[in-house]
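Asker: sequence-free structure coming up:
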């Protein structure tokens, strides 16, 4: 039975692939970048987060007025990949019980919209390696950061198909890639 849902990882990246602390390398904002973010979250009804991202975001997003993401992330069910208890309370959040990969496989087989991953670099890498990410939606900033966690560092070879790519007025590259899953042997 094919998966009925997609896992979609959405990230802001520098040209050299850094995804950590994008607020430090954002190079402006425009309506097209804003609209692409809106389209991304409109397709998602659940979010996967790593524990570190959860801890950081649970202290920020519940009181944020940065829209439309604040309303989305606060209302959307969030599953957190963690081996320790969650320190902060945040509505609609719960730790993933059991094996992460099994949990995601089961979640993909349930009816629903896309499953989002935002801001959780290690989690995204683990799911890419396991062949569980279906799309990458990237906003690539025209800057080289030089330091910081690169989203794709340490991954095995993964083939992608470009589904969409455009440049915004501020020079951001909005790119959507489909992950080409290799058949198991």
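Answerer: Ah, there it is. Predicted, not measured: the structure shown is a model, and the values here were computed from it. Numbering: from 1, shown residues only.
Asker: which residue is the nearest non-sequential neighbour of residue 93?
Answerer: Distances taken as CB to CB, 6 or more residues apart in numbering place residue 78 nearest to residue 93, at 4.4 Å, with adjacent residues excluded. For every residue, glycine as well, the C-beta is placed using N, CA and C.
Asker: number of nearby residues for the nearest residue to residue 156 once chain neighbours are set aside?
Answerer: Computed as CB to CB, 6+ apart, the closest residue to residue 156 that is not its neighbour in sequence is residue 129, at 6.2 Å. Here the number of neighbours of residue 129 (other CB atoms under 10 Å) works out to 14.
Asker: in the lowest-mean-pLDDT helix or strand in the chain, what's buried?
Answerer: Lowest mean confidence among the helices and strands of the chain (mean pLDDT, DSSP states H and E): helix 31-42, at a mean of 91. Neighbour-count burial for helix 31-42, counted by 16 or more other CB atoms under 10 Å, picks out 32, 33, 36, 37, 40, 41.
Asker: can I get these in TSV including distance to residue 91?
Answerer: TSV is the format used below for the buried residues of helix 31-42 (distance: CB to CB, whole Å):
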residue	distance to residue 91
32	31
33	27
36	26
37	21
40	21
41	17
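Asker: between those, which is closest to residue 16?
Answerer: Nearest to residue 16 among the buried residues of helix 31-42: residue 33, at 19.2 Å, using CB to CB.
Asker: surely residue 150 meets residue 17?
Answerer: Yes: judged on CB atoms under 8 Å, residue 150 makes contact with residue 17 at a distance of 4.0 Å.
Asker: returning to that earlier point: and the contacts of the least confident helix or strand of the chain?
Answerer: The contact list for helix 31-42, computed with CB atoms under 8 Å, 6 or more residues apart in numbering, reads 8, 10, 68-69, 72, 116, 137, 139, 166, 168-170, 172, 174.
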